[in-house]
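# structure of the sequence below:
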Amino acid sequence: MCAALTAEQLIVIERSPYKQDFPLLANNPNLTFLDSAATAQRPADVLDAERRFYETMNANPLRGLYRLSTEATQSIANARAHIARFIGALDDAGNPENDAIVFTRNASEALNLLARTVPEVVRLGPGDEVVISIMEHHSNLIPWQQVCAATGAKLVYLRLEDFSIPAAELEAKIGPHTKIVSVTHVSNVLGVQNNVAAIAARAHEVGALCIVDGAQSVPHIAVDVRSLGCDFLAFSAHKLGGPMGIGVLWGKPELLEAMPPFLVGGEMIDSVTETDAVWSQVPQKFEAGTQDAAGSFATDAALTYLEKHGMEALEERERLLASYLCEQLQTREYITIVGPSEPHRHVGAVAFDVRNIHPHDVASILDMSDVCIRAGHHCAQPLLSYLGWHSTCRASVAFYNDKADIDRLMEGLDTVWGIFNGR
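Numbering: from 1, shown residues only. Next comes the predicted model:
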């Protein structure tokens, strides 16, 4: 059992001072949204920003010399700089590495981009190894399966001990044949945070590159790519309150320069002849076609909103919410937490099982009371198989949640249990 929160800590999460900033939550006071690991709600500031772009500067960026187009172009540049500062992508002088920020459609596309281009840089082939963890989301697993099948390289999995990757596993699995190590920062199922700095250090020790899936970490904890020591970081805007359809890839500039383009077409070229083409500079080299300028403008607004309230304060609030969630789940003898029992090891997400009741039934019945959780394999089937589960329930908190949300979840779970057990 985890230790109960103190009275002072419970007061902090008793009510949410943030829900009024999120129109969907403010307009639906009876809604209990506990699926932020899948996508976050959007504050009004973000919704207003996207509309403001289309109302005040709607033009194709990079293509025009007139005012609207140059303003749209500048909005993308501003967003790049803001993202770079947000994740600590700074040069030695402390300036944001704007050109190291590549816009994609989502984290999945960013990871696919890396899987298609980085192997050329490292000359991946037979006898080489790509190392990932067993806890990866399919977006950071299937691309590497495909790459290894095409190149003859071997896919190696880091296994778990007490739901974490032990140091001995890094020593055993990341070795002289390793060319690429690609791991999640925070598991979308278990909620555990991997020691990326140690993983990156081990990768570099053997001459490999380190890729990090930050989809579940960047929205919830302060991330500094220089401290992590990784070579690439991918994440999505929609999980941190930005719009859907925008992803971010950060990479070390010298590596981005060495990589071939992923998509080809307009705006990613410097010049074209009938027989050849010269690529544009990074990051445009990876951004073929018209970009979602309104989305990047709204992502800029999402980061401003988070910074206005302070990432440290939001992280602490989410820690208390996750602790209370773990505490309450462990008061029900019919519930098993799938993952660490210690609340401090959960970043937002907690997976669990309701004994002898299918997760889809649990989620469907909870929905009748306007309680939203996730049910299924969470795009991590190899992990669940490894742990001996087919599917689970998952509740995931964000700073806009409060104690009442978790209490309503528990009331709903008691109802589910009663329906199937005649109580």
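
# drop to CA atoms for contacts and neighbour counts, all remaining ones
Will do.

# residue ranges of each domain in the protein, please.
7-39+310-421, 49-307 (automatic domain parsing).

# format these as a markdown table; extra columns: mean neighbour count and mean pLDDT.
Shown next, in a markdown table, are those (neighbours: other C-alpha atoms under 10 Å; pLDDT from 0 to 100):
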| stretch | mean neighbour count | mean pLDDT |
| --- | --- | --- |
| domain 7-39+310-421 | 19 | 97 |
| domain 49-307 | 20 | 96 |
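
# check the gap between Ser182 and His309 for me.
According to C-alpha to C-alpha, to the nearest Å, Ser182 stands 32 Å off from His309.

# typo on my end, it should be Gly418
Distance from Gly418 to His309, by C-alpha to C-alpha: 41 Å.

# again with Tyr400
Relative to His309, and taking C-alpha to C-alpha, Tyr400 is found at 11 Å.

# for the spatially most distant residue from the centre of the chain, helix, strand, or coil?
Ranked by distance from the centre of the chain (C-alpha atoms, centre = their mean), the top residue is Glu274, with 41.1 Å. Secondary structure, DSSP: H, G, I helix; E, B strand; the rest coil: Glu274 is coil.

# got phi/psi on it?
In terms of degrees, to the nearest 10, the main-chain angles of Glu274 are phi -70, psi -20.

# now do the same contact list for it.
Taking C-alpha atoms under 8 Å, 6 or more residues apart in numbering as the contact definition, Glu274 lies against nothing.

# helices of the stretch 251-400 of the chain, residue ranges please.
Using DSSP state H, counting those that start in this stretch, the helices assigned to the stretch 251-400 of the chain run over residues 253-258, 293-309, 311-329, 359-367, 381-387.

# would TSV of the ones you listed with distance to Arg123 be doable?
Listed next are those as TSV, based on distance: least, C-alpha to C-alpha, whole Å:
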stretch	distance to Arg123
helix 253-258	12
helix 293-309	33
helix 311-329	39
helix 359-367	44
helix 381-387	28
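
# closest to Asn30 out of these?
Closest to Asn30 of the helices of the stretch 251-400 of the chain is helix 359-367 (C-alpha to C-alpha; 11.5 Å).

# and for that closest one, what are the contacting residues?
353-354, 372-376, 391-393, 409, 412-413, 416.

# again, but for stretch 158-170
So stretch 158-170 is contacted by Val131, Ile132, Ser133, Ile134, Lys173, Leu190, Val192, Asn194, Ile199, Arg202, Gly339, Pro340 (C-alpha under 8 Å, 6+ apart).

# end-to-end on it?
Terminal-residue distance, stretch 158-170 (C-alpha to C-alpha): 7 Å.

# quick one: closest of the helices of the stretch 251-400 of the chain to Leu240.
Of the helices of the stretch 251-400 of the chain, nearest to Leu240 by C-alpha to C-alpha is helix 293-309, at 7.1 Å.

# helices and strands around the closest one, which ones?
The helices and strands touching helix 293-309, judged by 3 or more C-alpha pairs under 8 Å, 6 or more residues apart in numbering; DSSP states H and E, are helix 44-56, helix 67-86.

# could I get it in CSV with only the CA atoms?
Extracted in CSV, the C-alpha atoms of helix 293-309 (Å, rounded to 0.1, in the frame of the first residue of the first chain):
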residue,chain,number,x,y,z
ALA,A,293,1.0,27.2,-39.7
ALA,A,294,-2.1,27.7,-37.6
GLY,A,295,-1.2,24.6,-35.6
SER,A,296,2.3,25.8,-34.9
PHE,A,297,0.9,29.2,-33.9
ALA,A,298,-1.5,27.5,-31.5
THR,A,299,1.3,25.2,-30.1
ASP,A,300,3.2,28.4,-29.3
ALA,A,301,0.1,29.5,-27.3
ALA,A,302,-0.1,26.1,-25.5
LEU,A,303,3.5,26.5,-24.3
THR,A,304,2.8,30.0,-23.2
TYR,A,305,-0.1,28.8,-21.2
LEU,A,306,1.9,26.0,-19.5
GLU,A,307,4.8,28.5,-18.7
LYS,A,308,2.3,31.0,-17.3
HIS,A,309,1.3,28.6,-14.6
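
# ok, now how distant is Trp279 from Gly251?
From Trp279 across to Gly251, the span is 18 Å (C-alpha to C-alpha).
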